[in-house]
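Chemist: Predicted structure and sequence below. I'll ask about it afterward.
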Amino acid sequence: MAVDTVIQSPGVAQAAPARRHRPANRRRLWPFLLPSAIVSFCILLFPLGYAVYLSFFNYYLDSGASTFVGFGNYADLLGDARFWTSLVRTFAIVVSAVGLEFCAGLAVAWGLYRLTVGVRTLNLLMFLPHIITPVVAALFLKWIFAGRWGLLDSILAGLGIFPPDWLGDPMWARVTVVLADAWQFTPFMILVLYAGLNTVDQSQIEAAQIDGANGRQILFRIMLPSIRPLVAFVLTMRMMDAFRYFDTIYVLTSGGPGSATETLTMQTYALAFRLFQVGKASALGVLTLLAVLLLAAILIFTIGRSKEKSA
Amino acid sequence: MASVQISGIEKHFGGTHVIRGVDIDIDDGEFCVLVGPSGCGKSTLLRMIAGLEEADEGRISIGTRVVNEVPPKDRDIAMVFQNYALYPHMSVRENMSFALSLARQPKREIEQRVARAAEILGLGPYLERFPRQLSGGQRQRVAMGRAIVRNPQVFLFDEPLSNLDAKLRVQMRTEIRELHQRLKTTSVYVTHDQTEAMTMADKIVVMRGGVVEQAGAPLELYDRPVNTFVATFIGSPAMNLLPGVIGALRGGQVVLEGGASLPLPAGSRAEEGQKVLYGMRPEHCSVGSTGLPVEVAVVEPTGADTQLYCRFHGQEVTATVRDRSDCRPGDRIVLAPDPARAHLFDAATGQRLAA
């Protein structure tokens, strides 16, 4: 194809910065924000501030004794091997659970996306585990994973497989805790990812089909990058949630066997309500918050920031 | 490059019969425009050529190969979508090279082809930009660039200029036509805009209700529309259609409702007493002394010519006068159609009455 003419391009579109309309009397709007600001302060900022305040005291709940120790609680925790073990364990459980939920959620969401009939019914059925209260769900799971007489053991025994001690063996207890979280929160992941996949412009998918992309390439090279901010959002939300993972572990293993499933929140609970070291527990809470913030920031900056914006 | 043959195509969406036995032959290197009102099935037909919709019946061939069962990626076609369908997370370069990288073409080959397409379309300075950083016209160029780099046998365009403003649309129209003249790739172009169809096509296919009303060269459709639908769809302003009967006593005349008589269009054949529609294009009427007595309602000067919107016995009649007109609303004038360029249709069937 011999081409000798260059078609001239018009000038680059100059994107004028959008100016927000600012009402002259913005101060009059403050009363409207006040009720929600008061509620936010009472139930969010005050407890948080109070927890930070308590973390600087050696405060015992049983005796009521309280002495200012500065960063003493933090120094104690950071020098305690149990804290580091819990942190690593929590991190491992969070990464495994959220990773499993994302992979399973994406696979099911992709399946639902390609399905033409029965999507709504399937979606509803799959969302059921997420509707159940975590403690109730944990009780169900305890019956399923219970040694010898549990549902899973019965099935495996019926198949001639000798089942492991799901809740008694340290390694299997961690696996069970991860599976329990995945069972409950994969539906949320499915819902969000399925909704996200449906927002991708159909003509982009058709263009990719014509370009020669197969289903896998369309998913990973066109659709997922298109919903990158949503992926970052759902992973961050679930990560923050999983860091607070408490209720199901409390019912299933209570952090055991030994401290095999003791996460940071389980350790915080033990410090506050078993050892009554409220000051130290508050310091641990603050450290957990910092760890979550750090991870969330990493996730948002690595996944959430699209190439497009950085260009 | 290849020809495209469409024969006996039928398509249903649920209970709706959207394509009803369509046959179209598009020659190698031809620029074919499918035109028609919304819902006429033109986009569905294009999507069937692309392989994005399956035909219920009939056969679609590209070159010598029947492609009904061939997936879109193996049809050797490229498509430009109405909303461009650019991948937002990819740069212009990545958008244009995506198909080639999927086909595992050598890197150097990809670079060369992208550079050549960018040069043709004047996209060189924008290769590292992302779609959102481009104007509508530039995005449309990228979409075309994505099609060009693949060097396909057939280009498919699905209303590619609909999202552009009027001025840019006219500019892009010329660019697409110019591109086709250089690349000579068989192209199928869908639009609802008859001006686009007239200016761009080698062949126009006018569709309505899932059937082809007429296919042919633009001027053939303009000069010899087979029915009143094509007659009024092609040409702007639309052709005037005036009901009348073939005069019994005055042979060779059409007596219009209201009493006026007009000479029988050249080459038309009708029986005395037959109810007809007399068709005259606004641009083929002149202000004269014998013909259609009308009252001027609105005068619209456009600079190059003047549109006269007139009334004849309750019916609107439009005339385009090349010269500047001194007519005023309320004036009574006589419009004289050119019998050599007038048309006659059967009032009952709407079909052309030609010898």
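Modeler: Ah, there it is.

Chemist: Phi and psi next, for B:A217.
Modeler: According to degrees, to the nearest 10, the main-chain angles of B:A217 amount to phi -70, psi 150.

Chemist: Could you identify the helix or strand that succeeds the helix or strand hosting B:I110?
Modeler: Under the criterion DSSP states H and E, the helix or strand holding B:I110 is helix B:107-121. Per DSSP H and E, the first helix or strand lying C-terminal to helix B:107-121 is helix B:136-148.

Chemist: what's the angle from that next one to helix B:107-121?
Modeler: 140 degrees (axes from the mean of the first three to the mean of the last three C-alpha atoms, to 10 degrees).

Chemist: Quick check: phi and psi at A:V69.
Modeler: According to degrees, to the nearest 10, A:V69 has phi -120, psi 0.

Chemist: follow-up on the earlier one: for the helix holding B:I110, output the C-alpha coordinates as CSV.
Modeler: Provided in CSV are the C-alpha atoms of helix B:107-121 (Å, rounded to 0.1, in the frame of the first residue of the first chain):
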residue,chain,number,x,y,z
LYS,B,107,8.3,-6.5,17.2
ARG,B,108,10.0,-4.7,14.4
GLU,B,109,7.2,-5.5,12.0
ILE,B,110,4.7,-4.2,14.6
GLU,B,111,6.6,-1.0,15.0
GLN,B,112,6.9,-0.5,11.3
ARG,B,113,3.2,-1.0,10.7
VAL,B,114,2.1,1.2,13.6
ALA,B,115,4.5,3.9,12.4
ARG,B,116,3.1,3.7,8.9
ALA,B,117,-0.5,3.9,10.0
ALA,B,118,0.4,6.8,12.4
GLU,B,119,2.0,8.6,9.4
ILE,B,120,-1.1,8.1,7.2
LEU,B,121,-3.4,9.4,9.9
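
Chemist: So for that helix, what gets flagged as buried?
Modeler: Across helix B:107-121, burial judged by 16 or more other C-beta atoms under 10 Å in any protein chain shown covers B:110, B:113-118, B:120-121. All C-beta spots, glycine's among them, are computed from the backbone N, C-alpha and C.

Chemist: got it, and stretch B:181-192?
Modeler: Quick answer for stretch B:181-192 (16+ other C-beta under 10 Å): B:183, B:185-192.

Chemist: Report whether B:G8 is found in a strand, as I expect.
Modeler: Yes - applying DSSP: H, G, I helix; E, B strand; the rest coil, one finds B:G8 inside a strand.

Chemist: Surely it touches B:S61?
Modeler: No - B:G8 sits out of contact with B:S61 when judged by C-beta atoms under 8 Å, with a separation of 11.8 Å.

Chemist: quick one, which of the two is more surrounded?
Modeler: More crowded of B:G8 and B:S61, by other C-beta atoms under 10 Å in any protein chain shown: B:S61, with 16 against 11.

Chemist: State the helix or strand in which that one lies.
Modeler: According to DSSP H and E, B:S61 maps onto strand B:57-62.

Chemist: do A:T90 as well
Modeler: helix A:81-114.

Chemist: Sheet-wise, list the partners of the helix or strand just after the strand holding B:S61 with their directions.
Modeler: Going down the chain from strand B:57-62, the next helix or strand is strand B:65-66, by DSSP H and E. Note on strand B:65-66: by DSSP bridges, its sheet partners are strand B:57-62 (antiparallel).

Chemist: Mind listing what's buried along the strand it pairs with?
Modeler: B:58, B:60-62.

Chemist: pull the CA atoms of that strand into PDB?
Modeler: Once non-C-alpha atoms are left out, strand B:57-62 reads as follows in PDB (Å, rounded to 0.1, in the frame of the first residue of the first chain):
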ATOM      1  CA  GLU B  57     -30.200 -18.300   7.700                       C
ATOM      2  CA  GLY B  58     -28.300 -17.400   4.600                       C
ATOM      3  CA  ARG B  59     -24.600 -17.200   3.700                       C
ATOM      4  CA  ILE B  60     -21.900 -14.600   4.200                       C
ATOM      5  CA  SER B  61     -18.800 -14.900   2.100                       C
ATOM      6  CA  ILE B  62     -15.600 -12.900   2.300                       C
END
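
Chemist: avg pLDDT for it?
Modeler: Per-residue pLDDT values across strand B:57-62 average out to 95.

Chemist: can you check stretch B:277-291 too?
Modeler: pLDDT averaged over stretch B:277-291 gives 90.

Chemist: would you list every one of the helices in chain B?
Modeler: Residue ranges of the helices in chain B, as given by DSSP state H, are B:42-50, B:92-102, B:107-121, B:136-148, B:166-183, B:194-200, B:218-223, B:228-233.

Chemist: okay, the first one in CSV with CA atoms only?
Modeler: To tie it back to what came earlier, the one meant is helix B:42-50. Backbone C-alpha positions of helix B:42-50 (Å, rounded to 0.1, in the frame of the first residue of the first chain) are rendered in CSV as follows:
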residue,chain,number,x,y,z
LYS,B,42,-28.1,-2.1,8.9
SER,B,43,-26.0,-2.3,12.0
THR,B,44,-27.1,-5.9,12.6
LEU,B,45,-26.1,-6.8,9.1
LEU,B,46,-22.7,-5.2,9.6
ARG,B,47,-22.3,-7.1,12.9
MET,B,48,-23.1,-10.3,11.1
ILE,B,49,-20.4,-9.6,8.5
ALA,B,50,-18.0,-9.0,11.5
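
Chemist: how about it, does it get close to chain A?
Modeler: Yes - using C-beta under 8 Å from any C-beta of the partner chain, helix B:42-50 reaches chain A at B:A50.

Chemist: Tabulate the buried residues of helix B:107-121 (TSV), appending distance to chain A and pLDDT.
Modeler: Shown next, in TSV, are the buried residues of helix B:107-121 (distance: C-beta to the nearest C-beta, whole Å; pLDDT from 0 to 100):
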residue	distance to chain A	pLDDT
B:I110	13	95
B:R113	10	93
B:V114	14	95
B:A115	12	93
B:R116	7	91
B:A117	9	91
B:A118	10	92
B:I120	5	87
B:L121	6	88
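
Chemist: Sounds good, over and out.
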